[in-house]
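# Need the 3D shape of this:
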Amino acid sequence: MKKIVVCILAIVLSGSIFAQKISGGLFFGPTMSWMSTDSKTITTEGMKFGYNFGALLDINLIDNFAISTGVKFNNMGGTVNFTYGAFGVEPDEGPAYDTLTAGSAIKYNLNYLAIPVGFKGKTNEIGYLTYFLKAGVTPLVNIKTLCDVSGSVNEESILLTKEISLINMGWHIGGGAEYSLSWNTRILFEVLYTGGLIDVDNPEVFTDETMTSKSNPKVSLSDIHLKVGILF
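Numbering: from 1, shown residues only. Below is the predicted model:
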């Protein structure tokens, strides 16, 4: 009987200690994103204002250091202009655009599901505030691609899921503060920059005025977003 009581107390105590090492919460906020390239056959322009929301989880390794992860929905995008045109842009429904003329463009509206993973360093609580910095990587999965295509026969919003890579990858760095409301409830303020690492779009573009040679130049997607949330 004593052994059973000791085991139960040990389980409860270990669970309590483990719970103290984990904190989580919910957040939402605005996103400002853009596309970039080093190719001479396409240009990128403009920024897209979107939004992000989700849940986050901190696994505290020591008092001031944690593994930070979570899951979030992120609405992002940008515009790609084709200097000499593009070939074989294929909508989800309807016929493919065999050729987009010189100067045509695709304005992307992209929805991603992301699972960021990184390290988070925190200060001790100063007044009611705890400041932190974080850095890591952000794998993303494209769940919807809606585009406006100019320079085509039908200039309208269409689904172009096939023209965006399913998987994206970025690195992130940022920081913020947590305002303590009570012993285990805090308000989160965070600003994070995410830089794209891989090519996100698939259309083949013409490389000269003769429209006889094609390539698929790299286009990366980056963003800055704000998070406001509650932690517990």
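
# the longest strand in the protein is where?
Using DSSP state E, we find that the single longest strand of the chain is strand 129-150.

# Which other helices and strands does that strand contact?
In terms of contacts (3 or more Cβ pairs under 8 Å, 6 or more residues apart in numbering; DSSP states H and E), strand 129-150 is packed against strand 65-82, strand 105-114, strand 117-122, strand 157-159, strand 167-180, strand 186-196. All C-beta atoms are positioned from the backbone trio N, CA, C, and that covers glycine.

# Most tightly packed of those?
Of those, the one with the most neighbours on average (mean count of other Cβ atoms under 10 Å) is strand 105-114, at a mean of 21.

# Low-confidence bits of the chain, can you list those?
Residues of the chain meeting the criterion pLDDT under 70: 1-20, 88, 90, 92-98, 151-162.

# picking up where we left off before, dump the helices and strands packed on strand 129-150 to JSON lines, plus distance to D148.
Conversion of those to JSON lines gives the following (distance: least, Cβ to Cβ, whole Å):
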{"stretch": "strand 65-82", "distance to D148": "9"}
{"stretch": "strand 105-114", "distance to D148": "4"}
{"stretch": "strand 117-122", "distance to D148": "33"}
{"stretch": "strand 157-159", "distance to D148": "5"}
{"stretch": "strand 167-180", "distance to D148": "20"}
{"stretch": "strand 186-196", "distance to D148": "21"}
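
# of all those strands, which lies closest to I143?
Closest approach to I143 among the helices and strands packed on strand 129-150 (Cβ to Cβ): strand 105-114, 5.2 Å.

# any idea of the angle the closest one forms with strand 167-180?
60 degrees (axes from the mean of the first three to the mean of the last three Cα atoms, to 10 degrees).

# tilt between strand 105-114 and strand 129-150?
Using the same axes, to 10 degrees: strand 105-114 against strand 129-150 is 140 degrees.

# Show me what strand 105-114 is packed against.
With 3+ Cβ pairs under 8 Å, 6+ apart as the test, strand 105-114 has strand 48-62, strand 65-82, strand 129-150 packed against it.
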